[in-house]
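Visitor: Build me a structure from this.
(one chain, ligands or ions: 1)
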Amino acid sequence: MPSPGEGLDRRLFLKGAAALTALPPTPSWAADAPYRFRHGEFEISIVSDGHMLVRTDLLAPGAPEPERSATLRAAGQTGERFQYPTNLTLIRSPSDLVLIDAGAGPNFMPTTGRVADNLTAAGIDPGEITKVILTHAHPDHIWGVVGDFDDLQFPNASYMISAAEWSYWMGDDAFRGISEDRQNFVPGARRSLGRIKDRLTLVKPGEELARGLRALDTAGHSPGHISIEAAGGEGLIVGGDAITHPLLSFRHPGWPSMGDQDQERAASVRKRLLDRLATDRAKLIGFHLPYPGLGHVERAQDGYRFAPAT
Ligand SMILES: [Zn+2]
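Guide: Numbering: from 1, shown residues only. Coordinates of the predicted model:
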């Protein structure tokens, strides 16, 4: 995972904002239409926040060769960098309009931060969103709580994050728990959490977060990472970053995955989640799986396989 292009220093932010005015007003990838489907009583849309450009050598660091290279070749990822999708899940229920994760906002990478534009282009006013549930506080999931002018992107929403995630990022050990190249995740998370703290509820795994939506403990990728289970049919899990790669995470769930803070715990969570998804035939939405990131998990001779819905 590359370091964010910009810090959150106010001067840098203003400099960045000035530079942005020189860009063409409507990038060609601004209006990706959401992918929609029904699940139980929910109408679900998967909305792109753009894509990240990620260093291929950071995928499955330390995994055995030549299996690692062969898997990456099979995924078509032979270049120095690859495009890493970012899929946000919007769930309309009879009582709420819930967004899972807030995207990266304007200060992370030039190719991310598109969710508000994509929602608006699809006729959905970001002001309609009643709840934003954050799976964790990494930049591509939380920095988007604010927009270009430090305004709240989802101005009428309440917010939820796990108590464990809050305690980690706000606590004294945050800098010690994260690698050198990701130190600026700490001030970024603190600033984002600070911006929403008056509207924020700290939740625990197992709690119902909105009608039919429950938090599931998938800590490991980050210290308080949660996934969201949606009731109905054979089940649906919005997995956040517990399962991130369409081949590596399924064929080799025990290998460390890019950005996992606690690699051992993340690997055991991934195995447990894959086993459950395959057994239940539940749907999975993966934040970084190829857009729209929706599919099923199947058992395969060499581990598991992702069966995309599209
Ligand atoms: Zn992520």
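Visitor: For the residue in the stretch 51-200 of the chain that the ion sits nearest to, what is the enclosing helix or strand?
Guide: Per C-beta to the ion, residue 140 is where the stretch 51-200 of the chain lies closest to the ion, at 4.4 Å. The way it works is simple: take the backbone N, C-alpha and C, and place the C-beta from them, glycine included. Taking DSSP states H and E as the definition, residue 140 sits inside helix 139-142.
Visitor: Contact partners for the nearest residue to residue 71 once chain neighbours are set aside?
Guide: Leaving aside its sequence neighbours, residue 71 sits nearest to residue 247 (C-beta to C-beta, 6 or more residues apart in numbering; 5.2 Å). Residue 247 is in contact with 71-72, 74-75, 306, counting by C-beta atoms under 8 Å, 6 or more residues apart in numbering.
Visitor: hey, where'd the strands end up in the chain?
Guide: With DSSP state E, the ranges of strands along the chain come out as 35-39, 42-55, 81-92, 97-100, 131-133, 158-162, 200-203, 208-210, 213-217, 226-230, 236-238, 283-285, 294-300, 303-308.
Visitor: chain center to the second one, what's the gap?
Guide: Meaning strand 42-55. Chain-centre distance of strand 42-55: 8 Å, with C-alpha atoms, centre = their mean, to the nearest Å.
Visitor: If you count neighbours, what's buried in the helix holding residue 140?
Guide: 139-142 (16 or more other C-beta atoms under 10 Å).
Visitor: Could you tell me how far it lies from the centre of the chain?
Guide: 7 Å.
Visitor: again, but for stretch 195-213
Guide: Centre-to-centre, stretch 195-213 and its host chain are 17 Å apart (C-alpha atoms, centre = their mean).
Visitor: buried ones in that stretch?
Guide: 195-196, 199-200, 203, 205, 209-210, 212-213.
Visitor: which of those residues lies closest to residue 268?
Guide: residue 205 (15.2 Å; C-beta to C-beta).
Visitor: nearest residue to the closest one other than its sequence neighbours?
Guide: Residue 205's closest residue in space is residue 217 (C-beta to C-beta, 6+ apart), at 3.5 Å.
Visitor: next one: residue 310
Guide: Nearest one to residue 310, counting by C-beta to C-beta, 6+ apart, is residue 292 at 6.5 Å.
Visitor: And residue 265, by the same measure?
Guide: Per C-beta to C-beta, 6+ apart, closest to residue 265 is residue 220, 3.6 Å.
Visitor: wait, the residue of the stretch 51-200 of the chain closest to the ion sits on residue 103?
Guide: Yes: at 7.2 Å, residue 140 counts as touching residue 103 under the criterion of C-beta atoms under 8 Å.
Visitor: shared neighbours of those two, which are they?
Guide: Contacts common to residue 140 and residue 103, judged by C-beta under 8 Å, 6+ apart, are 49, 86, 112.
Visitor: For the nearest residue to residue 204 once chain neighbours are set aside, report the pLDDT, please.
Guide: Distances taken as C-beta to C-beta, 6+ apart put residue 163 closest to residue 204, at 6.0 Å, once the chain neighbours are dropped. Residue 163 carries a pLDDT value of 98.
Visitor: Tell me, how many residues neighbour residue 163?
Guide: Around residue 163 there are 14 other residues, counting by other C-beta atoms under 10 Å.
Visitor: Now for it: which residues touch it?
Guide: Shown in contact with residue 163 (C-beta under 8 Å, 6+ apart): 202-204, 224.
Visitor: now residue 183
Guide: Taking C-beta under 8 Å, 6+ apart as the contact definition, residue 183 lies against residue 175.
Visitor: Report the beta-bridge partners for residue 230.
Guide: Here residue 230 sits in beta bridges with residue 213, residue 236, as judged by DSSP bridges.
Visitor: Sketch out the low-pLDDT regions of this protein for me.
Guide: Scanning the chain with the threshold set as pLDDT under 70 gives 1-32.
Visitor: rewinding a little: show me what contacts the residue of the stretch 51-200 of the chain closest to the ion?
Guide: Residue 140 neighbours (C-beta under 8 Å, 6+ apart): 49, 52, 86, 103-104, 108, 112, 287.
Visitor: would you turn the residues you listed into JSON lines with neighbour count and distance to the ion?
Guide: Output for these, formatted as JSON lines (neighbours: other C-beta atoms under 10 Å; distance: C-beta to the ion, whole Å):
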{"residue": "49", "neighbour count": "28", "distance to the ion": "10"}
{"residue": "52", "neighbour count": "21", "distance to the ion": "8"}
{"residue": "86", "neighbour count": "27", "distance to the ion": "7"}
{"residue": "103", "neighbour count": "29", "distance to the ion": "10"}
{"residue": "104", "neighbour count": "26", "distance to the ion": "9"}
{"residue": "108", "neighbour count": "26", "distance to the ion": "11"}
{"residue": "112", "neighbour count": "26", "distance to the ion": "10"}
{"residue": "287", "neighbour count": "28", "distance to the ion": "5"}
